[in-house]
Every structure is written in C-alpha cells, then in structure tokens.
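Participant: Fold the stuff below for me.
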Amino acid sequence: MKRLALVRTLKGVVIFLAVLAGIFYGYVFPQLIRDMGQVDFSWLVGPATVAVSLSAIPIAVALVLFWRICTEIGKDNSFCHKNAWRLTGIGFCALADTAYCVVGTVTVFAVTGGHPGVFLAAATAIFIGLAIALAAFLLSHLVLKAAALKDENDLTI
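Facilitator: Okay, the predicted model is just below:
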C-alpha cells in the first residue's frame, strides 16, 4: 500500500471512529442511562449522563493526536520525536479514560448496588483502555528509538 493511500485509510478510520463515538455518546449512552434510570434511580439520570459525556474528552484528544500522526506519515516523517510525544499523549489519554471508568464503576456500584451486565461492560472497557495505553506507550518507545537512529543516520555523509 502506498503512503498516501495508507494515510487516507488511516484518516478514514479516525473519521469513522469519531462518528461512532458521536453516535454512542450522543444517542446510545444517554438512552441506556434513561432506560436504567426508570427503574429505581431516576434522580441519577442527569448526573450520570454528564459523567459519561465527560469520558469522551480523552477519546477526542486521542483521535486528534492520531490524526496529527497520520499527517506526519503523509509528509514521510513517520519516525520523529513529535510522533513519539503524540503516542505518549494517546497512552495518557487511554489511562485517564480508564481511571475515570474505574472511578465511575466504583461509584455506580456504591450507589446502586451494581448489575452484572454493568460490571462486565466496565471490565471490558477497562481492559481495552489498558491495552490501548500499553500499545501506545510501547509504540512511543519504538518510534523514539527509530527517530534517534534516523537523526544519527542523517548526520552521516
């Protein structure tokens, strides 16, 4: 696959993920919260909707950072210090969102007594967040090493 086709594909994936996140955070999650609030906890619908919506911020930041990485790849500058920094930022966004999910899960279980389905969904989200953070930190380290090698090779005649 040629570089520009790869960049277009990656940016298309970013756009798809942003639209998917918009659908989930704009419709699916609020609807689930309203449905769950009708049972016993109608007073929690507003705060829960706001709390879940706040978890979209690290996701949006990570998508913007990934878009910028794709732009650097398009400029044939894949292995640069900026991309290593951006991958580290994506890792921290994933960790922040994962920590927020843990706090939210503990809060939901403390207030409502919990539900096995909620626990399973939260555990899956936490696992995925940790896996994304680990992959981003690992890739950041590798890109930083490759950037150092590239800088060293650029100095040789």
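Participant: Need the residue closest to the centroid of the protein.
Facilitator: Geometric centre of the chain, nearest residue: I59, 4.0 Å, by CA atoms, centre = their mean.
Participant: how about it, what does it touch?
Facilitator: 21, 93, 97 (CB atoms under 8 Å, 6 or more residues apart in numbering). Using the backbone N, CA and C atoms, a C-beta is placed for each residue, glycine as well.
Participant: Give me the pLDDT value at it.
Facilitator: Reported pLDDT at I59 in the predicted model: 95.
Participant: lowest-pLDDT helix or strand in the chain?
Facilitator: helix 29-37 (a mean of 78; mean pLDDT, DSSP states H and E).
Participant: low-confidence ranges in the protein?
Facilitator: 37-41, 157 (pLDDT under 70).
Participant: May I see the buried residues of stretch 109-125?
Facilitator: For stretch 109-125, a neighbour-count test (16 or more other CB atoms under 10 Å) marks 118, 122, 125 as buried.
Participant: before we move on, what about stretch 68-86?
Facilitator: Here stretch 68-86 shows 69-70, 72-74, 78-80, 83-84, 86 as buried, counting by 16+ other CB under 10 Å.
Participant: ok, which pair from the residues you listed is furthest apart?
Facilitator: G74 and A84 (17.4 Å; CB to CB).
Participant: Can you tell me which of the contacts of I59 end up in helices?
Facilitator: 21, 93, 97 (DSSP state H).
Participant: quick one on the thing from earlier: which of the contacts of I59 are buried, as a ChimeraX select command?
Facilitator: Only the buried entries of the contacts of I59 go into this ChimeraX selection, using 16+ other CB under 10 Å:
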select :93,97
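Participant: Break down this structure into its helices, ranges please.
Facilitator: Using DSSP H, helices in the chain cover 3-23, 29-37, 45-54, 56-74, 81-112, 116-155.
Participant: This completes my enquiry, with thanks.
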